[in-house]
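Peer 1: Structure of the sequence below:
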Amino acid sequence: MKTQSSAIDSGPIAVPAPPAERRAFGTALAALGVAAFSLTFPATAWGLEGFGPWTLVTVRSALAALVAGGALLALKVRPPERRQLRGLAVVALGVVLGFPTLTTLALRTSTTAHAAVVVGLLPLTTAVCSALRTGHRPSRRFWLAAVAGAAAVLAFTALQSGGALTAADGCLFAALLVCAAGYTEGGLLAREMPGWQVIGWALVLCLPLTLPAAALALSYEPFTVTAHGVAGLLWVALGSQFLGLVVWYRGMAAIGVPRASQLQLAQPLLTLVWSALLLGEHFTAAAPLTAVAVLVCIAVTQRS
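Peer 2: As a prediction, this is how the structure comes out:
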């Protein structure tokens, strides 16, 4: 991926506009990815009804890795090149291990609505990470919008927790950083290999760790097989961890990270809707208002 096709470009050179058909197809794929991601937190909450946090994290990754590995073997996909292993390792640490672990731990004590608002900063965090990764220098307006969005989320979290950040908030903010790094590297790699192979190889790289960890967690953490628990586990493993990332990375490769990130603006609001419909959560007006404020800030960064 060349420098001028990165997520953030402060100069006059931008991502070349793809043909109309490719742009429409890529937009549809990225939108499917956003829809899948918006269900991740409610599905995690369901999964925690039947499984312990470490069981949920390890089993979801191991199950997704087995499906991805089977697809790679069936299609006789060549292993990634050595130069691509560093990027795949970042994707694995950020998207396969870091983000699921940190958000699952946070959701033991945090509501999905609260988590959705905090993680609503992800497109902005990804844009900043991409700018740092590619060495570009965004405009002053970009940084002002980024700081404003972060301040809005910090104010929201402090208000919700009585003036102090909680351990769950710390996990969510850490999840933002590791996931942004994974998205950035995944977007770069998706220019060189199909998006499903990016997440597929990242999952397979983690399998020697996640498979024994899953067996260990199942033997130590008590679990109850319930409809909600199984449905939540299957969704976060196959919907969020694999299929969602497949279409997301493919969409980013087709239309560019900036255009794909704009679609992700709707994710926090969609998660708020799912949390109300599936979990029966009630939230104050501060949650949707903060989500909209972050949406506006991210929209400014995308146009800067």
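Peer 1: ok, which stretches of the stretch 51-200 of the chain are helices?
Peer 2: Taking DSSP state H, counting those that start in this stretch as the criterion, the stretch 51-200 of the chain carries its helices at 53-74, 85-91, 99-106, 112-119, 122-134, 140-160, 167-189, 195-220.
Peer 1: Return the most buried member of these.
Peer 2: Highest mean neighbour count among the helices of the stretch 51-200 of the chain (mean count of other Cβ atoms under 10 Å): helix 112-119, with a mean of 26. C-beta: built from backbone N, CA, C; applies to glycine.
Peer 1: From the chain's centroid, how far away is it?
Peer 2: 13 Å (Cα atoms, centre = their mean, to the nearest Å).
Peer 1: Stretch 179-191 now?
Peer 2: 11 Å.
Peer 1: what's in contact with that stretch?
Peer 2: Around stretch 179-191, the neighbours that count as contacts under Cβ atoms under 8 Å, 6 or more residues apart in numbering are 1, 5, 7, 84, 87-88, 90-96, 98-99, 122, 125-126, 128-130, 133, 195, 198-199, 202, 245, 249-250, 252-253, 257.
Peer 1: Low-confidence stretches in the stretch 201-304 of the chain?
Peer 2: Applying pLDDT under 70 to the stretch 201-304 of the chain picks out residues 257-259, 261-262, 298, 301-304.
Peer 1: Apply 90 and report the result again.
Peer 2: 240-277, 279-304 (pLDDT under 90).
Peer 1: That one: helices as residue ranges?
Peer 2: 227-234, 244-255, 257-263, 267-279, 286-303.
Peer 1: picking up where we left off before, looking at the helices of the stretch 51-200 of the chain, spot the one closest to Ala24.
Peer 2: Closest to Ala24 of the helices of the stretch 51-200 of the chain, according to Cβ to Cβ: helix 195-220, at 16.9 Å.
Peer 1: got the angle for the closest one vs helix 53-74?
Peer 2: 140 degrees (axes from the mean of the first three to the mean of the last three Cα atoms, to 10 degrees).
Peer 1: Tabulate the helices of the stretch 201-304 of the chain (a markdown table), appending distance to Phe41 and mean neighbour count.
Peer 2: As requested, the helices of the stretch 201-304 of the chain are exported to a markdown table (distance: least, Cβ to Cβ, whole Å; neighbours: other Cβ atoms under 10 Å):
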| stretch | distance to Phe41 | mean neighbour count |
| --- | --- | --- |
| helix 227-234 | 10 | 18 |
| helix 244-255 | 13 | 25 |
| helix 257-263 | 18 | 23 |
| helix 267-279 | 6 | 19 |
| helix 286-303 | 13 | 19 |
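Peer 1: where does the stretch 51-200 of the chain dip in pLDDT?
Peer 2: Applying pLDDT under 90 to the stretch 51-200 of the chain flags residues 109-169, 180, 183-196, 198-199.
Peer 1: From Leu245, how far off is the residue nearest to Gln241 when sequence neighbours are not counted?
Peer 2: Nearest residue to Gln241 in three dimensions, chain neighbours excluded: Ala64, at 4.0 Å (Cβ to Cβ, 6 or more residues apart in numbering). Per Cβ to Cβ, to the nearest Å, Ala64 is found 9 Å from Leu245.
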